[in-house]
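**Q** Pasted the sequence and its predicted model underneath.
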Amino acid sequence: MRFSLIFAATMLTIGCAKHSGSYEQVASTGTAEQSAGLQAEADAAWENRGDAAQLKLALDKYESALQADSTNRHAAVRLTRGWYWYGDIHESTRKPSSVHGTLQSSPAPAAWRSTRTSRS
């Protein structure tokens, strides 16, 4: 029993250790001030992310901001959300109006309204 406990603890320690090269630490190529300036430009384009060209511009600026300062979490989060948005809205086979307008264009709400008004 004692041997198996020591063996299990040893195997967990060896098996769960970090291995060199298992992740990549990106080096910054600029300063935090450069990153902040690029982030401000990206944030302005982000406001119009419904337009694919503006979203792509914002993503490029966020990428540059992250390269300038690899600790910029705001840029990393916006890149993740932005690429998801780009793929889901701009590159999907469905149009954005069909994704967001399903409840408004559905015939069911009109039918519910007509049954509710006919009862009163």
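**A** Received it, and whenever you're ready, just let me know what you need.
**Q** Now do the top helix by length along the chain: which elements does it pack against?
**A** Longest helix of the chain, by residue count under DSSP state H: helix 52-68. Counting contacts by 3 or more Cβ pairs under 8 Å, 6 or more residues apart in numbering; DSSP states H and E, helix 52-68 packs against helix 32-46, helix 73-85. Just so you know, the C-beta spots here come from the backbone N, C-alpha and C atoms, and that holds for glycine as well.
**Q** and residue 5, which of the ones you listed is closest to it?
**A** Closest to residue 5 of the helices and strands packed on helix 52-68 is helix 73-85 (Cβ to Cβ; 40.5 Å).
**Q** buried sites along the closest one?
**A** The neighbour-count check on helix 73-85 (16 or more other Cβ atoms under 10 Å) flags 75, 78-79, 82, 85 as buried.
**Q** what does stretch 52-69 give?
**A** If you call a residue buried by 16+ other Cβ under 10 Å, then stretch 52-69 has these buried ones: 55, 57-59, 61-69.
**Q** Can you give the contact residues for that stretch?
**A** 26, 28-32, 34-36, 38-39, 41-43, 45-46, 48-49, 72, 75-76, 78-79, 82-83, 85-86, 90 (Cβ atoms under 8 Å, 6 or more residues apart in numbering).
**Q** could you flag which of those are buried?
**A** Looks like the contacts of stretch 52-69 have 34-35, 38-39, 41-43, 45-46, 49, 72, 75, 78-79, 82, 85-86 buried, using 16+ other Cβ under 10 Å.
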